[in-house]
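Colleague: For reference, the sequence and a predicted model appear below.
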Amino acid sequence: MSKLTDVPKRILIGRALRSDRLGETLLPKRVALPVFASDPLSSVAYAPGEVLLVLSIAGVSAYHFSPWIAVAVVVLMFTVVASYRQNVHAYPSGGGDYEVATTNLGRRAGKTVASALLVDYVLTVAVSIASGIENLGSAVPFVVEHKVACAVAVIVLLTLMNLRGVRESGKLFAVPTYVFVTGVFAMILWGAFRGMFLGDDMRAPTADFEIRAEHQGIAGFALVFLLLRAFSSGCAALTGVEAISNGVPAFRKPKSRNAATTLLLMGTIAVTMFCGIIALAMATGVKMAEAPARDLLENGRPVGSGYVQDPVITQVAEAVFGHNTLPFLILAGATALVLFLAANTAYNGFPVLGSILAQDRYLPRQLHTRGDRLAFSNGIVLLAGAAALLVVVYDADSTRLIQLYIVGVFVSFTISQIGMVRHWNRHLATERDQAARRRMQRSRAINAFGATFTGLVLVVVLLTKFTHGAWVALLGMVIFYATMTVIRRHYDRVAEEIAAPEEPGDESQRPSRVHSVVLVSKVHKPALRALSYARMMRSDTLEALTVNVDPAETKELREEWDRRRIDVPLKVLDSPYREVTRPVVEYVKNLRRESPRDVVSVYIPEYVVGHWYEQLLHNQSALRLKGRLLFQAGVMVTSVPYQLESSEVARLRARRRANWNAPGSVRRGPATPSRNGGNGERRDRKGGTRADGSEGSGSA
């Protein structure tokens, strides 16, 4: 069965890569830019339109505020870029905002930032894909008619591309991103040349339309609120900026300098395109309305429900290049494609952050492990599933989805910059070199200004977008925060419960007359119990076996093994592809080939848990190993269960069920004793004891 599933897997994502080839997947700046910055670069395709849509509430007269809103967005962009350049130099390990907040402000701040980023990454995929589908649908009616199915199909395609590895997906995404950037710059330069030097009258398709204002003569506080809402919509251009600070480990050396350079390059390109499109939209007379069928007027009459409102960038391109010209078609196609690829920012940020959170025991451990192609495959699949669910729930409507956007990213911006201020304060307290102090003071001033500015923007976003859907994003953050808290609490409780005692006890002192192969991953109570049980079986030889998946953990295991002077030899199996099952199976097969008449007994320590959800939080490698080893001739597999406290709760619950007289139980008669004797309890095949079959075991 494994061979049957392995063939399509290799066709879709490629052959597995050895761990020592991780360095070959690192990215140069030219590839890192489209990989990590495709989201903020592509946001210029819809951010200017969002500004004009909000201003249209007050009519065309409010459009003259758009250049000032663009200036505010530019100032904010460069503030955030300058702040994050300090982050990547101070924290190059890839933790980004989460590491900054946790280190300087504590675990609660770190979990808040992590929950905000996780929500924002999911929304990045959903919004980018939905927006790309809508842009493509203006040219291909089939896409509009089946936009949910098409959006899910694009998510699946992007998932497969990312499962092939960061470097390969980066090469695929680089071409359309650079075509898009080149096309936008060409449009800006050609439009400026035509307007300033040729004196051409460039007219957008909607230039002769009028807008029916929802609120005529808006002024005072209402006008200020409207401008703040338009500004918060324009801030969509900043989404994804933090991804570079989370992805520093993926850059080639020198990692921090390359990441900082990429950040500056990304910010410069994004703000230039954003301002250029806003300026050309004003020059060509673009009109946008939140309800175009009703509020856009042609010759004094509404355009009607049959009218399709094109994005700002499409209208500007048509005015500058001409309708259906080759440059126009190239830019239109690149725009739709790059919106799809903008989701790749999240595909690189979410799995890395998920791996770090899993390492810190806030998410299931499976998210920490790299897959066959040295990408964090489990995180990629989880992100795809969450984004697909969101697309289905919101019917792939970018207008509804974008209202949920931005909140999370500004939460992380603000908390991260506050953490950086504390970081510099801590270092300044001990630094005596004057040159170094001046650099730190300059960095602290940048981060302090960034924290103040992004904090104000966060307040604006919450005030202007809360009732329009931002509350859903906040609810998602709360759910992620609570989930991480529960998972960490579970892992901490289990770690404390299974911690090996410093003084040898009954679990480590047993007569050693048993030969066995005992699988261990750490020195804890389940492993010591398995060793003690193996000694009692009186085999000819006895050895402990571990698989080297993480060199740091293997080194720690060796040191602990030697420190405790455990009198059982520890054998380490190398696993260049980070597999656990195959190396153990091959090793056991070799033992059988060397001595065909001998029997190999494999002992596997396991946790016994009492809740189904606890099964999901522990590695299931033991179940896979037993499934493979049970089919090997001459190999005996023994599970050595270690009951956690939750298993006792489940046992008592099962006993209460057994004592309850259900309807019809009298007709069935009394329970018959089991073959093992006792009151109906039976021995589980996996080595644990079940009461009425209600208990199971999770792998240690």
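Modeller: Perfect, I can see it now. Just so we're clear, the structure is a prediction, and the values are computed from it rather than from any experiment.
Colleague: can you give me the strands for the protein?
Modeller: Per DSSP state E, the chain carries strands over the ranges 210-211, 296-298, 301-302, 516-519, 542-548, 570-574, 600-608, 635-643, 682-683, 689-690, 698-699.
Colleague: Run a quick neighbour tally on Asn344.
Modeller: As a burial measure, Asn344 scores 31 neighbours (other CB atoms under 10 Å). (Each C-beta comes from the backbone N, C-alpha and C, glycine too.)
Colleague: so where's the stretch 251-400 of the chain uncertain?
Modeller: Counting by pLDDT under 70, the stretch 251-400 of the chain contains low-confidence residues at 369-376, 399.
Colleague: For Ala260, find the nearest of the strands of the chain.
Modeller: Ala260 sits nearest to strand 542-548 of all these, at 34.8 Å, using CB to CB.
Colleague: Can you lay out the strands of the chain as JSON lines showing mean neighbour count?
Modeller: Below are those laid out as JSON lines (neighbours: other CB atoms under 10 Å):
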{"stretch": "strand 210-211", "mean neighbour count": "20"}
{"stretch": "strand 296-298", "mean neighbour count": "17"}
{"stretch": "strand 301-302", "mean neighbour count": "12"}
{"stretch": "strand 516-519", "mean neighbour count": "24"}
{"stretch": "strand 542-548", "mean neighbour count": "20"}
{"stretch": "strand 570-574", "mean neighbour count": "14"}
{"stretch": "strand 600-608", "mean neighbour count": "24"}
{"stretch": "strand 635-643", "mean neighbour count": "20"}
{"stretch": "strand 682-683", "mean neighbour count": "13"}
{"stretch": "strand 689-690", "mean neighbour count": "18"}
{"stretch": "strand 698-699", "mean neighbour count": "24"}
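Colleague: Relative to Ser245, which of those is closest?
Modeller: Closest of the strands of the chain to Ser245 is strand 542-548, at 31.0 Å (criterion: CB to CB).
Colleague: related to what we said a few turns ago, of the strands of the chain, which approaches Tyr121 most closely?
Modeller: Smallest distance to Tyr121 across these (CB to CB): 28.8 Å, for strand 698-699.
Colleague: what is the mean pLDDT for that closest one?
Modeller: In this model, strand 698-699 carries a mean pLDDT of 38.
Colleague: got it, and stretch 437-444?
Modeller: Mean predicted confidence for stretch 437-444 is 90.
Colleague: same question, stretch 499-508
Modeller: Stretch 499-508 shows a mean pLDDT of 62.
Colleague: give me the low-pLDDT residue ranges for the stretch 501-650 of the chain?
Modeller: For the stretch 501-650 of the chain, applying pLDDT under 70 flags the ranges 503-515, 612, 615, 617-620, 647-650.
Colleague: those helices in it, which residues are they?
Modeller: All helices of the stretch 501-650 of the chain, identified by DSSP state H, counting those that start in this stretch, fall at 525-536, 551-564, 581-594, 612-615, 621-629, 645-659.
Colleague: what's the closest of those to Ser93?
Modeller: Evaluated with CB to CB, those place helix 551-564 nearest to Ser93, the distance being 13.6 Å.
Colleague: Can you tell me what sits against that closest one?
Modeller: Applying CB atoms under 8 Å, 6 or more residues apart in numbering, the contact partners of helix 551-564 are 500, 508, 520-523, 544, 546, 548, 570, 572.
Colleague: ok, back up a step: nearest to Ala270, of the helices of the stretch 501-650 of the chain?
Modeller: If we rank these by CB to CB, the stretch that ends up nearest is helix 551-564, at 37.9 Å.
Colleague: follow-up on the earlier one: among the helices of the stretch 501-650 of the chain, which is nearest Thr177?
Modeller: For Thr177, the closest of the helices of the stretch 501-650 of the chain is helix 551-564, at 35.5 Å, according to CB to CB.
Colleague: chain center to the closest one: distance?
Modeller: Averaged C-alpha coordinates place helix 551-564 at 31 Å from its chain's average position (CA atoms, centre = their mean, to the nearest Å).
Colleague: and it, which residues are buried?
Modeller: The neighbour-count check on helix 551-564 (16 or more other CB atoms under 10 Å) flags 554, 557, 561 as buried.
Colleague: would you turn those residues into a markdown table with distance to Leu265?
Modeller: As requested, the buried residues of helix 551-564 are exported to a markdown table (distance: CB to CB, whole Å):
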| residue | distance to Leu265 |
| --- | --- |
| Thr554 | 40 |
| Leu557 | 44 |
| Trp561 | 49 |
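Colleague: Relative to Asp395, which of these is nearest.
Modeller: Using CB to CB, the buried residues of helix 551-564 come closest to Asp395 at Thr554, 49.3 Å.
Colleague: quick one: the helices in the stretch 301-450 of the chain?
Modeller: With DSSP H, counting those that start in this stretch, the ranges of helices along the stretch 301-450 of the chain come out as 312-321, 326-341, 344-359, 377-393, 398-401, 407-428, 434-465.
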